[in-house]
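Novice: sequence first, then the predicted structure:
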Amino acid sequence: MLQDKIPATVITGFLGAGKTTIIRNMLMNAGGRKIALIINEFGDLGVDGDVLKGCGADNCTEDDIIELTNGCICCTVADDFIPTMMKLLERESRPDHIVIETSGLALPQPLVAAFNWPGIRTQVTVDGVITVVDSAAVAAGRFADDHDAVDAARAEDASLDHDNPIEELFEDQLTCADLIVLNKTDLLDAEGIAAVRAEVTGRTARKPAIVEARNGEVPSMVLLGLGIGSEADINNRRSHHEIEHDALHESGEAHEHHHDHDEFESFVLKLGAITDPAAFVEKLKTVIEAHDILRLKGFIDVPGKPMRLVIQAVGTRIDTYFDRPWAAGEARATRLVVIGLHDWDFGAVVEAVEAAAG
């Protein structure tokens, strides 16, 4: 039966792990497969989709790239994902493979469960769930609490809420994985990579395969054709939210049935041309550190340059590269998506980024 269905690969991972880079490399080396992409982003500006549209892969045209920007896909399965999939399956020329990039803040579990939906389960199967990990961020302790300190504080005041939404989401994404890609290993030495591998394997009771990658370079033969059928195993991949819900249900307590992202906020900032992008990047590092910005990405208009400059920031690690010429009739502008925790000072962040731009 699996051979009669279109395989779909779900690529998940926290903000800035390198999902889009992995997909871009995969498209350029897909062995002739016709691929359809469904891309979900947290924020109104579809940076990842725009980057992938500019990669020029013949096996994945702009018409094959579908962007969902109405919120994290795990919360909009019925409203956005299911109708999108049905329209895709109704096409006269159907894809050989479907790749879904989730928002960096999305739970993959509801998405995988959606493949059991009537009308989809007979036509598509989840070839595998791939979780991309930012190895350098894990090594820096970004996803780990000091649990001894947390337990001590909780012992003093049981009413304190010490849940870490980033840590739980990281674990949920690992728990759903069939393959974990430890990306950005070029930023660590052998000892650091070993520590990250131990940290990751200790975060999930399941034992998915693990591969290491630099710059998102993973052979397509490793990513595609896993043949897992993950939707049939969804009960073994429950998230923290689902486990908590089940426990409350058994106790008879009321509980909300949705996963929300109130802990995180994003906004799109539009700026003028940036005459000195190198100086802008250096100033941004200070802004990001001062305001605890989780993720910043977008496009920069550099005067005198015919191509747009892509900027990708994960913490204070910032990469820039020119990806394609500005299209005829396309308005040149600097547009940035900024994502952080909900308790930040929105006005101060905007003011600081604008000041960095000069």
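Specialist: Right, received. Where do you want to start?
Novice: mean confidence for stretch 83-91?
Specialist: The average pLDDT within stretch 83-91 is 87.
Novice: how far is that stretch from where the chain is centred?
Specialist: What separates the centre of stretch 83-91 from the centre of its chain is 23 Å, taken as Cα atoms, centre = their mean, to the nearest Å.
Novice: got the buried residues for it?
Specialist: Residues of stretch 83-91 classed as buried under the neighbour-count rule (16 or more other Cβ atoms under 10 Å) are Thr84, Met85, Leu88, Leu89. Backbone N, C-alpha and C define where each C-beta goes, glycine included.
Novice: separation between the first one and Ile130?
Specialist: Right, the one you point to is Thr84. Applying Cβ to Cβ, to the nearest Å, the value for Thr84 to Ile130 is 20 Å.
Novice: from what I see, Gln312 and Ile300 are in contact.
Specialist: No. With contact defined as Cβ atoms under 8 Å, Gln312 does not reach Ile300; the gap is 11.2 Å.
Novice: let me know the helix or strand that the residue nearest to the spatial centre of the chain is in.
Specialist: A centroid search over the chain (Cα atoms, centre = their mean) returns Gly104, at 2.9 Å, as the residue closest to the centre. Using DSSP states H and E, Gly104 sits in no helix or strand.
Novice: do you know the pLDDT at it?
Specialist: 83.
Novice: got a list of what the residue nearest to it when sequence neighbours are not counted touches?
Specialist: Sequence neighbours aside, Leu15 is the residue nearest to Gly104 in space, at 3.4 Å (criterion: Cβ to Cβ, 6 or more residues apart in numbering). Listed by Cβ atoms under 8 Å, 6 or more residues apart in numbering, the contact partners of Leu15 are Phe42, Gly104, Leu105, Leu294, Arg295, Val314, Ile339.
Novice: now, which of those residues sits nearest Ala177?
Specialist: Using Cβ to Cβ, Gly104 is the member of the contacts of Leu15 that lies nearest Ala177, at 14.7 Å.
Novice: go ahead and confirm Ala213 touches Leu179.
Specialist: No. Using Cβ under 8 Å, Ala213 makes no contact with Leu179, being 11.0 Å away.
Novice: ok, which stretches of the stretch 251-358 of the chain are helices?
Specialist: 277-291, 346-356 (DSSP state H, counting those that start in this stretch).
Novice: picking up where we left off before, pick the one among the contacts of Leu15 closest to Leu269.
Specialist: Leu269 lies nearest to Ile339 out of these, by Cβ to Cβ, at 11.4 Å.
Novice: which pair in the buried residues of stretch 83-91 spans the largest distance?
Specialist: Pairwise across the buried residues of stretch 83-91, and taking Cβ to Cβ, the largest span is found between Thr84 and Leu89, at 9.8 Å.
Novice: a strand runs through Val196, doesn't it?
Specialist: No. Assigned with DSSP: H, G, I helix; E, B strand; the rest coil, Val196 falls outside any strand and is helix.
Novice: just give me the neighbour total for it.
Specialist: Applying other Cβ atoms under 10 Å, we find 23 residues neighbouring Val196.
Novice: can I see the domain layout of this protein?
Specialist: For the chain, automatic domain parsing gives the domain ranges 2-251, 264-356.
Novice: just name the most buried of those.
Specialist: Most buried of the domains of the chain by mean neighbour count (mean count of other Cβ atoms under 10 Å) is domain 2-251; its value is a mean of 18.
Novice: give me the three-state assignment for the residue nearest to Ile66 when sequence neighbours are not counted.
Specialist: Sequence neighbours aside, Ile38 is the residue nearest to Ile66 in space, at 4.9 Å (criterion: Cβ to Cβ, 6+ apart). Ile38 carries the three-state label strand when classified by three-state DSSP.
Novice: mind listing what Ile38 touches?
Specialist: Residues counted as contacts of Ile38 (Cβ under 8 Å, 6+ apart) are Ile66, Leu68, Phe81, Thr84, Met85, Leu88, Ile98, Val99, Ile100, Glu101.
Novice: same deal with Val126?
Specialist: Per Cβ under 8 Å, 6+ apart, neighbours of Val126: Pro7, Ala8, Thr9, Val10, Val112, Phe115, Ile228, Gly229, Ser230, Glu231.
Novice: mind checking how far Asp323 is from Gly304?
Specialist: In terms of Cβ to Cβ, Asp323 sits 17 Å off from Gly304.
Novice: about what we covered before: what sits in contact with each of Gln312 and Ile300?
Specialist: Taking Cβ under 8 Å, 6+ apart as the contact rule, Gln312 and Ile300 both touch Thr320.
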